[in-house]
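# Provided below are the primary sequence and the corresponding predicted coordinates.
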Amino acid sequence: MTAAFRFPRFFVTNPSPCPYLPGKSERKVFTELNGDNAAELNDALGRIGFRRSQNVAYRPSCADCSACVSVRVVANEFQPNSTQRKLIRRNSDLIATACKPWSTEEQFALLQRYLVDRHPGGGMTEMDEMDFADMVEQTPVDSYIIEYREPGVDGRPGKLIGACLTDRQGDGLSMIYSFFDTTLEHRPGLGNYIILDHITRAATAGLPYVYLGYWVEGSQRMQYKVRYRPLEKLSRAGWVRFDPHEQAQAIRGVQQRDEPPLPVELVSMFRK
């Protein structure tokens, strides 16, 4: 006789100002990820548009807006364009290491510099080292933090210039949050390179998708996610591929400035 399945309990946050669309408010539905079936639940929810933050799975549930759309790259069909190939060559000397989800002072210092430059005044700028440790280490699923370092000297590790907290799901890699050194003039596009590296990692591992979080139509800062083809979005009919014309239009609207893969600010939402 097997134990009875316990359907997760879902909760809804109070409305708050939307960080992506001026004049809009956001609301999220969320549930806890705990117990022996946390990984399976996270996988199932991930396929219907949920994201993970620590031991919580959430998705937008806004009353009057549906601009947030889950997107994922089809890793085994991805072919980099000329700009992306150049980006891969430029950063081919970087040493990427998948580390256990354990926070370090070096990672936190890099995150602080990144937030000051890219998200000044955002909720995550208030994070302390304990908050960062919770973000990285409080995971009930198969997670790791991928570090990107410049070549070392005399056998010593090189400078840490990028990192990404990543979940391995049953059907792909989910990029939870990435950050990087924004001051390196000789390495423009580092945030996009981290996405390209994840696509390669997923394809090599036989995982079909790389989950990029939410594409927000009308938010310029989120348009970079449409650079990757083939790209699928979650609709009422399930996952469907972007229409080529629609995606081409969106790509033309992408800012030239490199943006982080996942600028999701949830730490303040779940801080105790």
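That came through fine.
# how about the helices in the stretch 101-250 of the chain?
Remark: helices assigned in the stretch 101-250 of the chain by DSSP state H, counting those that start in this stretch are 105-118, 129-137, 190-204, 244-252.
# quick check: which of those is nearest to Arg9?
Closest approach to Arg9 among the helices of the stretch 101-250 of the chain (CB to CB): helix 129-137, 21.8 Å. Just so you know, the C-beta spots here come from the backbone N, C-alpha and C atoms, and that holds for glycine as well.
# how about the closest one as PDB, C-alpha atoms only?
Extracted in PDB, the C-alpha atoms of helix 129-137 (Å, rounded to 0.1, in the frame of the first residue of the first chain):
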ATOM      1  CA  GLU A 129      25.900  37.600   3.000                       C
ATOM      2  CA  MET A 130      23.400  35.500   4.900                       C
ATOM      3  CA  ASP A 131      20.700  36.300   2.400                       C
ATOM      4  CA  PHE A 132      23.000  35.300  -0.400                       C
ATOM      5  CA  ALA A 133      23.900  32.100   1.300                       C
ATOM      6  CA  ASP A 134      20.200  31.300   1.700                       C
ATOM      7  CA  MET A 135      19.600  32.000  -2.000                       C
ATOM      8  CA  VAL A 136      22.300  29.600  -3.000                       C
ATOM      9  CA  GLU A 137      22.200  26.900  -0.400                       C
END
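# that older thread, okay, the helices of the stretch 101-250 of the chain in JSON lines with distance to Tyr144 and mean pLDDT next?
Output for the helices of the stretch 101-250 of the chain, formatted as JSON lines (distance: least, CB to CB, whole Å; pLDDT from 0 to 100):
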{"stretch": "helix 105-118", "distance to Tyr144": "12", "mean pLDDT": "94"}
{"stretch": "helix 129-137", "distance to Tyr144": "10", "mean pLDDT": "95"}
{"stretch": "helix 190-204", "distance to Tyr144": "11", "mean pLDDT": "97"}
{"stretch": "helix 244-252", "distance to Tyr144": "30", "mean pLDDT": "80"}
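# all strands for this protein, in order.
11-12, 16-17, 25-26, 28-32, 51-53, 56-60, 68-74, 95-99, 143-149, 160-169, 172-180, 209-216, 231-235, 238-241 (DSSP state E).
# below-threshold pLDDT in the stretch 1-150 of the chain: ranges please.
For the stretch 1-150 of the chain, the stretches flagged by pLDDT under 70 are 1-6, 122.
# can you do 80?
For the stretch 1-150 of the chain, applying pLDDT under 80 flags the ranges 1-7, 119-125.
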